[in-house]
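Novice: fold the following for me, if possible:
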Amino acid sequence: MLEVMGWVGSTLFAACAIPQCIKAYRTKKMNDFSWCFILMWFWGEILTFSYVFITNYMVGVYQIPLLANYFFNFILLCYLIYVKIRYRDQANKCFFK
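Specialist: Below you'll find the model as predicted:
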């Protein structure tokens with residue numbers, strides 16, 4: 001039962017970024033997200049994944065749902081950072097002259 005709770009919770013938590021990735025893909029905009037939020041999220045994912053991996057390694061028991069969650073979130077976050085950098089100039093363009 002605990003394993004199921006872990007997988008369901010991790011899946012829901014990891015899926016939270018999917019709607020934002022879809023919106024960013026469609027609109028090519030990330031103006032709503034500040035760099036401070038993105039960088040805090042980025043380092044939070046890196047540090048927490050590292051903590052979980054190292055403590056799991058030391059104990060010898062791997063919590064795969066947690067590791068999968070942080071890895072999947074990191075991939076989605078990298079995409080959002082890419083969109084934020086790639087389309088940053090589009091926010092300043094005026095289509096009506």
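
Novice: in the helix or strand of the chain with the lowest mean pLDDT, what's buried?
Specialist: Ranked by mean pLDDT, DSSP states H and E, the weakest helix or strand in the chain is helix 2-15, scoring a mean of 84. Neighbour counts over helix 2-15 (16 or more other C-beta atoms under 10 Å) mark 6, 10, 14 as buried. All C-beta atoms are positioned from the backbone trio N, CA, C, and that covers glycine.

Novice: low-confidence stretches in this structure?
Specialist: Applying pLDDT under 70 to the chain picks out residues 89-97.

Novice: which residues in it form strands?
Specialist: For the chain, strands defined by DSSP state E do not occur.

Novice: which residues of it fall in helices?
Specialist: 2-15, 18-27, 35-59, 64-86 (DSSP state H).

Novice: and the ones you listed, which is most packed in?
Specialist: Counting by mean count of other C-beta atoms under 10 Å, helix 64-86 has the highest mean neighbour count of the helices of the chain, with a mean of 17.

Novice: let me see the contact set for the residue lying closest to residue 28 once chain neighbours are set aside.
Specialist: Leaving aside its sequence neighbours, residue 28 sits nearest to residue 87 (C-beta to C-beta, 6 or more residues apart in numbering; 4.5 Å). When contacts are counted by C-beta atoms under 8 Å, 6 or more residues apart in numbering, residue 87 touches 28-30.
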